[in-house]
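Participant: no sequence for this one, just the structure:
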């Protein structure tokens, strides 16, 4: 099982991660930054968000 987390201080709101996430658990929050809108534990561990984010805002960890 994997869990995704976002360092929102690093996120610039480009939205690339939202479009790229195959699990569909990422979205944009009201403040214009990425956020986990689904269950963080639904993360597939593919690290597409990590590879897509230009600001290195994502961490995927095995739990």
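Facilitator: Right, received. Where do you want to start? Owing to the predicted nature of the structure, the values given are computational and were not obtained by experimental measurement.
Participant: when you work out contacts or count neighbours from here on, use the C-alpha atoms and nothing else.
Facilitator: Noted.
Participant: next SSE after whichever strand or helix holds residue 17?
Facilitator: Element membership of residue 17, judged by DSSP states H and E, is helix 16-20. Of the helices and strands lying after helix 16-20 in sequence (DSSP H and E), the nearest is strand 26-28.
Participant: how far is that next one from where the chain is centred?
Facilitator: Its chain's C-alpha centre and that of strand 26-28 lie 7 Å apart, by CA atoms, centre = their mean, to the nearest Å.
Participant: can you check stretch 26-43 too?
Facilitator: Chain-centre distance of stretch 26-43: 7 Å, with CA atoms, centre = their mean.
Participant: next one: stretch 20-28
Facilitator: 7 Å.
Participant: buried ones in it?
Facilitator: For stretch 20-28, the neighbour count (16 or more other CA atoms under 10 Å) marks 21, 24, 25, 26, 27, 28 as buried.
Participant: looking at these, which is nearest residue 48?
Facilitator: Distance to residue 48, by CA to CA, is smallest for residue 21 among the buried residues of stretch 20-28, at 6.4 Å.
Participant: contact partners for that closest one?
Facilitator: Residue 21 sits next to 48, 49 when contact means CA atoms under 8 Å, 6 or more residues apart in numbering.
Participant: distance of it from residue 45?
Facilitator: As defined by CA to CA, to the nearest Å, residue 21 lies at a distance of 10 Å from residue 45.
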